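Chemist: Next come a sequence and a model predicted from it.
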Amino acid sequence: MNMKRRFFGTDGIRGKVGEEPITPETVLKLGWAAGCVLGKGKADHAKILIGKDTRVSGYLLESLLEAGLSAAGVDIRLLGPMPTPAIAYLTRTARARAGIVISASHNPFDDNGIKFFSSEGTKLPDEVELAIEEMMQQPLTTAGPSALGKAKRYDDAGGRYIEFCKSTFPHRLGLEGLKIVVDCANGAAYHIAPLVFSELGAEVVAVANEPDGFNINRECGATFPIFLKKTVLAHKADLGIALDGDGDRVIMVDNRGEIVDGDHLLYIIATDRKQSGRLHGGVVGTLMSNLGLEHACGRLGVPFKRAAVGDRYVLSLLNEQGWELGGETSGHIICLDRATTGDGIIAALQVLAAMRGTGKSLADLRSGLEIYPQTMINVRMARRFDVKESPRVQQAIKEVETELADNGRVVLRASGTEPVVRVMVEGRDAAQVERLTRHLADTVKSAAEAAA
């Protein structure tokens, strides 16, 4: 298994449609290889679920994966458009061997991707992904005619997931009297999310819920919250909920039009659980989580730890600590006592439960968290430059950290895909933060040029 990854990244396989690895040949081979690895050791036919978001390329990739799995002798259950967390849930409850998601999440429509869930509704272990990659190097063979896999639709997949989401909201509470704007990002949750909130009693204004294959995430959804803000204010709604294209992220907006990001959401959920005695352990954020969240958790007496950026790393640290609550500023919130992966609808329901349980508005609940000013500069250079190996850069970091003391933080992070170093500074004083960020960025640029 000591082989370099060729296809799988931190969140499955992703790219522009028609370019490697998202080509017909590679995706067909991927389906076959996954079927061979995941179906191995099964006396009868293994069963694998396939779901997708609303990109037009989903039709192509779904057919290719179906053909490859069938050639490997695996049975397929087609879910159609379905949020990523729904596929994780249905894989587990249907006792399937695995689930496959066709989605590029918050990316534009011309990208797409493929990721896998295990039979437990969790990401595949690294060794299984590597085994699939190794199998992809072998010649594609077809099972005998009597051993080929069959495909059929999974009946009422959407209805089953809707009921599951509703079950995570306290039975004694309801959403009657709340007017909620739900922005579905023209994505996989377009036929799911509005029903969840309306069936719990809310008056729902559904927007960006008419996907055409090309408009997913286009000036809507969690990555474009200004649209939700305008809609909430126009409808005089109590709040707004914006999901991303595959439904695993959520950003909210309060009745005043203020954006409530992932740091706010984590704070609200953690505070509610701490006060009611339901918070087990602490909270996991990432290197990019605002320092204000860390300080707020400290005031609550809640341990806080940072993982690398990416939900895979948040989940790994949660499991390592035995904790249940974590997430990213982008709105990818994981509540392990409710779901096995990040789920935008379920995270929103936890916030709504806090509102109903306390009688407070979303604006009131978010007000306890002070978000510190944060500035980031991307320093582009001719070739990759390791800031950790530069004494000049390291000395500059120490000087900045000394000036900030306990009221600020510095993060320098190299891009994994291009020769760029992301320089980020945050602290209580906005002018100081901007000055120090520019100083560090200039130091990195100068050191990189000197080393070239």
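Modeler: Good, I have the coordinates. Residues are numbered from 1 along each chain as shown.
Chemist: got the residue ranges for the strands in the stretch 251-400 of the chain?
Modeler: Assigned by DSSP state E, counting those that start in this stretch, the strands in the stretch 251-400 of the chain fall at 259-260, 283-286, 304-307, 325-327, 333-335, 374-380.
Chemist: scratch that, the stretch 1-150 of the chain
Modeler: Under DSSP E, counting those that start in this stretch, the stretch 1-150 of the chain gives strands at 13-16, 47-52, 75-81, 98-102, 111-117.
Chemist: how big is the angle separating the last one from strand 47-52?
Modeler: Regarding strand 111-117 and strand 47-52, their directions subtend 150 degrees when assessed with axes from the mean of the first three to the mean of the last three C-alpha atoms, to 10 degrees.
Chemist: what comes into contact with strand 111-117?
Modeler: Outside strand 111-117, the residues that touch it by C-beta atoms under 8 Å, 6 or more residues apart in numbering are 11-17, 22, 27, 30, 34, 38, 55, 57-58, 61, 65, 84, 87-88, 91, 98-105, 107, 123-124, 129, 341. Using the backbone N, CA and C atoms, a C-beta is placed for each residue, glycine as well.
Chemist: Domain map for this protein?
Modeler: Domain segmentation of the chain under automatic domain parsing yields 13-155, 163-366, 374-451.
Chemist: Looking at the last one now, give me its mean pLDDT.
Modeler: Across domain 374-451, pLDDT averages out at 92.
Chemist: Same check on the second one?
Modeler: Per-residue pLDDT over domain 163-366 has a mean of 97.
Chemist: how long is that domain end to end?
Modeler: Using C-alpha to C-alpha, to the nearest Å, the end-to-end distance of domain 163-366 comes to 28 Å.
Chemist: how far does it sit from the chain's center?
Modeler: 12 Å (C-alpha atoms, centre = their mean, to the nearest Å).
Chemist: Kindly report the same for the last one.
Modeler: In this view, domain 374-451 has its centroid 26 Å away from the chain centroid, taken as C-alpha atoms, centre = their mean.
Chemist: And stretch 373-392, by the same measure?
Modeler: Worked out by C-alpha atoms, centre = their mean, stretch 373-392 lies 26 Å from the chain centre.
Chemist: Asp75: what's it in contact with?
Modeler: If a contact means C-beta under 8 Å, 6+ apart, then Asp75 has His45, Ala46, Lys47, Ile48, Gly149, Lys150, Ala151 as its contacts.
Chemist: For Leu266, see how far away the closest residue in space to His264 that isn't next to it in sequence is.
Modeler: Closest residue to His264 apart from its sequence neighbours, by C-beta to C-beta, 6 or more residues apart in numbering: Arg366 at 4.7 Å. Computed as C-beta to C-beta, to the nearest Å, the Arg366 to Leu266 distance reads 11 Å.
Chemist: Equivalent analysis for Gly359, please.
Modeler: For Gly359 relative to Leu266 (C-beta to C-beta), the value is 21 Å.
Chemist: Equivalent analysis for Lys52, please.
Modeler: Per C-beta to C-beta, Lys52 is found 29 Å from Leu266.
Chemist: Which one's more surrounded, these two?
Modeler: Neighbours per residue, other C-beta atoms under 10 Å: of Lys52 and Leu266, the larger number sits with Leu266, 29 against 26.
Chemist: Might one say that that one is in contact with Glu324?
Modeler: No: with contacts counted by C-beta atoms under 8 Å, Leu266 stays clear of Glu324, the gap being 11.8 Å.
Chemist: Go through the strands of the stretch 251-400 of the chain and pick out the most buried.
Modeler: Mean neighbour count (mean count of other C-beta atoms under 10 Å) peaks for strand 325-327 among the strands of the stretch 251-400 of the chain, with a mean of 28.
Chemist: Any idea how many residues pack against Asp406?
Modeler: Neighbour count for Asp406, taken as other C-beta under 10 Å: 8.
Chemist: ranges for the helices of the stretch 201-350 of the chain?
Modeler: Remark: helices assigned in the stretch 201-350 of the chain by DSSP state H, counting those that start in this stretch are 225-235, 262-276, 291-300, 311-321, 344-358.
Chemist: Give me the contacts around stretch 195-208.
Modeler: Here stretch 195-208 has contacts from 162, 165-166, 169, 174-186, 190, 193-194, 215, 220-221, 227-228, 231, 235, 237, 241, 345, 349, using C-beta under 8 Å, 6+ apart.
Chemist: Mind listing what's buried along it?
Modeler: By neighbour count, and taking 16 or more other C-beta atoms under 10 Å as the criterion, the buried residues in stretch 195-208 are Leu195, Val196, Phe197, Leu200, Ala202, Glu203, Val204, Val205, Ala206, Val207, Ala208.
Chemist: which two of those residues lie the greatest distance from each other?
Modeler: Using C-beta to C-beta, the pair of the buried residues of stretch 195-208 lying farthest apart is Leu200 and Ala208, separated by 20.5 Å.
Chemist: do you know how far the one residue sitting closest to the centre of the chain is from Gly282?
Modeler: For the chain, His332 is the residue whose C-alpha lies nearest the centre (C-alpha atoms, centre = their mean; 4.3 Å). Applying C-beta to C-beta, the value for His332 to Gly282 is 18 Å.
Chemist: swap in Pro21?
Modeler: Pro21 is 38 Å from Gly282, by C-beta to C-beta.
Chemist: And for Gly158?
Modeler: The gap separating Gly158 from Gly282 is 35 Å, by C-beta to C-beta.
Chemist: and what of Ala88?
Modeler: 24 Å.
Chemist: These two: who's more crowded?
Modeler: A side-by-side neighbour count of Ala88 and Gly282, using other C-beta under 10 Å, places Ala88 first with 26 against 22.
Chemist: In this model Ala339 seems to touch that one, though I could be wrong.
Modeler: Yes: if you go by C-beta under 8 Å, Ala88 and Ala339 touch, sitting 7.2 Å apart.
Chemist: Could you tell me which residues touch both of the two?
Modeler: Here Ala88 and Ala339 share the contacting residues Gly121, scored by C-beta under 8 Å, 6+ apart.
Chemist: ok so, going back, now the domains of the chain in TSV, please, with extra columns for distance to Phe7.
Modeler: As requested, these are exported to TSV (distance: least, C-beta to C-beta, whole Å):
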stretch	distance to Phe7
domain 13-155	5
domain 163-366	16
domain 374-451	15
